[in-house]
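Chemist: below is the sequence, then the predicted model.
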Amino acid sequence: MTVGPLFWLGLAAASGTGLLLSLLQLQKRRRELTAAQAEAVAQKTAAALASERNHALESELSTLQQELSSVKAQLSAQSATLSERDAHHQNQMKWVEESRTTLRTELEVIGQKLLASSGKALETTNQKSLDSLLKPLAEKIDQFQTRVNQVHTDMVRNSASLGEQIKHLESVGVSMSGEAQNLTRALKGIKNWWVTGVRPSWKKPSSSPVFGEVSTTTHKSR
């Protein structure tokens with residue numbers, strides 16, 4: 001049997017097709033491998049980043065735990081200090097109250113003893129002491145008030161007396177002036193009477209204590 005050219009052409013075509021398919025598959029496998037490698041690198045990088053981040057978080061967590069432990073220790077120390085201070089304060093308050101109660105009791109006992117031993121005498125002494133302090137002051141106040149009243153009375157009295165004295169002096173002055181005038185006239189009349197022999201006649205105001213009404217008479221002989 002003789003193999004013709006068509007056979008060889010067909011064989012060649014079939015071989016080329018297979019080769020082409022193989023090449024296509026190979027390229028696909030390469031792409032898949034490249035993608036897988038890239039994914040592996042990405043995953044490795046992500047894992048490295050995750051590990052680094054994990055270490056950082058662990059370090060930060062450790063630091064926070066240390067700080068928390070330190071804060072807890074400080075709080076515990078402060079709580080103990082506050083408890084000690086509170087206990088000390090409570091003891092001081094208790095001592096103050098006990099001392100106050102004791103002092104009050106002692107004062108009451110002393111007061112009762114004093115009253116029991118010399119109650120009436122103590123009361124009398126206190127009253128006398130109080131009187132001795134207040135009595136001089138009351139006397140001084142009374143004396144001062146009496147003096148003020150006396151001065152006021154004297155001022156009023158002196159003012160009234162001065163007014164009356166002024167009025168009296170004015171009236172006396174007027175009276176003396178009138179009496180002097182009357183006396184002058186009387187003396188002139190008497191002088192003329194002795195010179196001429198004719199007794200003068202004049203009227204003197206009735207208020208004058210010296211002269212009254214005088215009638216006219218003739219004196220014929222000296």
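Modeler: On my side now, so go ahead.
Chemist: now do stretch 41-60, average pLDDT.
Modeler: Mean per-residue pLDDT for stretch 41-60: 77.
Chemist: buried ones in it, by neighbour count?
Modeler: Counting neighbours by 16 or more other C-beta atoms under 10 Å, one finds that stretch 41-60 has no buried residues. Every C-beta, even on glycine, is put in place using the N, C-alpha and C of the backbone.
Chemist: CA atoms only for that stretch, dumped as CSV, please.
Modeler: Provided in CSV are the C-alpha atoms of stretch 41-60 (Å, rounded to 0.1, in the frame of the first residue of the first chain):
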residue,chain,number,x,y,z
VAL,A,41,4.0,35.9,47.5
ALA,A,42,1.0,38.0,48.5
GLN,A,43,0.0,35.5,51.1
LYS,A,44,3.6,35.4,52.4
THR,A,45,3.7,39.1,52.5
ALA,A,46,0.4,39.3,54.3
ALA,A,47,1.5,36.7,56.7
ALA,A,48,4.7,38.6,57.4
LEU,A,49,2.7,41.8,57.9
ALA,A,50,0.3,39.9,60.1
SER,A,51,3.1,38.4,62.1
GLU,A,52,4.8,41.8,62.5
ARG,A,53,1.5,43.3,63.5
ASN,A,54,0.9,40.5,65.9
HIS,A,55,4.3,41.1,67.5
ALA,A,56,3.6,44.8,67.8
LEU,A,57,0.2,44.0,69.4
GLU,A,58,1.8,41.5,71.7
SER,A,59,4.4,44.1,72.7
GLU,A,60,1.7,46.8,73.2
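Chemist: what about Leu68, neighbour count?
Modeler: 10 (other C-beta atoms under 10 Å).
Chemist: helix or strand: which one has Glu60?
Modeler: helix 5-196 (DSSP states H and E).
Chemist: quick one: low-confidence parts of the chain?
Modeler: Along the chain, the parts satisfying pLDDT under 70 run over 1-23, 89, 92-93, 96-97, 99-222.
Chemist: try it again at 50.
Modeler: 1, 119, 122, 130, 202-222 (pLDDT under 50).
Chemist: against Val71, how distant is Glu52?
Modeler: From Glu52 across to Val71, the span is 28 Å (C-beta to C-beta, to the nearest Å).
Chemist: kindly apply the preceding question to Glu39 instead.
Modeler: 46 Å.
Chemist: do the same with Arg29
Modeler: Note on Arg29: its distance to Val71, by C-beta to C-beta, is 61 Å.
Chemist: and for Thr63?
Modeler: On the measure of C-beta to C-beta, Thr63 and Val71 end up 12 Å apart.
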